[in-house]
Every structure is written in C-alpha cells, then in structure tokens.
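>>> Here is a sequence together with a model predicted from it:
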Amino acid sequence: MMATVRKISFYPLAIKHLDEVLKIEQVSFKTPWTKYAFIHEIQFDKSVFKVLKVDGRLVGYGGFWHVLNEAHISNIAIHPEYRGQGLGKALLLHLLREALDRGVTKATLEVRRSNAIAQNMYAHLGFKIVSVRKNYYFDEHEDALVMWNDDIAATLAAIEEK
C-alpha cells in the first residue's frame, strides 16, 4: 500500500484566512484571541504570522513577535483533526527558519504547565524551561512555563542533519 503524499505549504496570515483561523482558535484555546487581535497581528510590523495548509486546507497557524534578536512565539495552533501528525513541529520549524532569516538568534514562548504534549515538542526543538509565570493563564489560574531556545541556528542545523 502506498503512503498518501500531502502537500504542506505556508503563507503569510491575511484577512482572507481569518474565518478559518478563528474556528481553529475557538477549538484550541480556553481564552481564544479575537478577530481584532489577529487583524492587529497582520498590521503590526514586528509580527510574523503564518498559516499552514495541507492539500490546500488551512489547518494551522502560528506567529512570533520580532523583538531585537529574539522571536517571542505568541501563538501556535493546529486543527484538532490534524494533531499528532507532526504539523505543529513543521509549523514551529518554519517559524524558526523565518526568524533566523530575519536575524533572530534565540526564541522564547510560554506554555501551560498542563500542556505536556507541547512542552515535549518544544524540548525536542531545543527549548528549555527557564522560569515559571504564576497564574499567567487567568482563565484557570494556571502557571506558564517560560521556555527559551538560545541558539535557533544550531537547532535548525541539527534537525536538517537528520
């Protein structure tokens, strides 16, 4: 039996993507971003947001804020029907490559203490827990783990070697 070949592509987030992005946002987060928050990201010159499409269907999105030589990963989500297929990793790697192309050398993010799946993915991509933000997620008073990757070029080189 032959494996199904899927076409994975990335595009800059645009207004035309917002309805699909908002649907994924609603099913992914307890406190979803609003349409206006995404519009702000599209217009903000320090923000880099991408959508991920599989065979032409928008199934994920993510972005970062470019601040000096750092990328602050602000949001990553994959549609529930497409989780567990490596697409979150592919999206994060794409964002890290984009950051590196813009002169960024390190990246940071916050992740819920309860989100072990995301923490494992980030750890496999060179992110390390450096601190805790108590009650960062106000919806459930959950702590955020602050993770850093201090050398995204080395992370990307190691992955491309494999």
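Perfect, thanks for sending it. Everything quoted here is computed from the prediction, not taken from an experiment.
>>> all helices of the chain, in order?
Ranges of helices in the chain, per DSSP state H, are 18-28, 35-43, 87-101, 116-124, 152-161.
>>> pretty sure Gly56 is touching Lys7, no?
Yes. Between Gly56 and Lys7 there is a contact under Cβ atoms under 8 Å: 7.4 Å. Where C-beta positions appear, they are placed from N, C-alpha and C, glycine not excepted.
>>> who touches the residue positioned nearest the centre of the chain in this structure?
Centroid check for the chain by Cα atoms, centre = their mean gives Ile76 as the closest residue, at 3.1 Å. Contacts for Ile76 were tallied using Cβ atoms under 8 Å, 6 or more residues apart in numbering; they are Gly60, Tyr61, Gly62, Gly63, Gly88, Leu91, Leu92, Leu95, Ala118.
>>> Could you point out the bridge partners of the fourth one in the sheet?
Translated: Gly63. Residues in a beta bridge with Gly63, per DSSP bridges, are Phe49, Asn75.
>>> isn't it right next to Asn75, touching?
Yes. Counting by Cβ under 8 Å, Gly63 touches Asn75, with 5.6 Å between them.
>>> how about low-confidence regions in the chain?
Within the chain, the segments meeting pLDDT under 70 span 1-5, 162.
>>> go again using 90 as the cut-off
For the chain, the stretches with pLDDT under 90 are 1-6, 29-31, 135-142, 159-162.
>>> Compare Gly63 and Asn75 and say which is more crowded by neighbours.
Shown here are Gly63 and Asn75; by other Cβ atoms under 10 Å, Gly63 has more neighbours (24 against 19).
>>> measure the more buried one to Leu95 for me?
According to Cβ to Cβ, to the nearest Å, Gly63 and Leu95 sit 7 Å apart.
>>> Now for these two: what residues contact both?
Shared contacts of Gly63 and Leu95 (Cβ under 8 Å, 6+ apart): Val48, Lys50, Ile73, Ile76.
>>> Mind putting those into CSV with distance to Ala153?
CSV is the format used below for those (distance: Cβ to Cβ, whole Å):
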residue, distance to Ala153
Val48, 17
Lys50, 19
Ile73, 16
Ile76, 20
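>>> Please tell me which one of the contacts of Ile76 counts the most neighbours.
Tyr61 (28 neighbours).
>>> Skipping its backbone neighbours, what lies nearest that one in space?
Val51 (4.7 Å; Cβ to Cβ, 6 or more residues apart in numbering).
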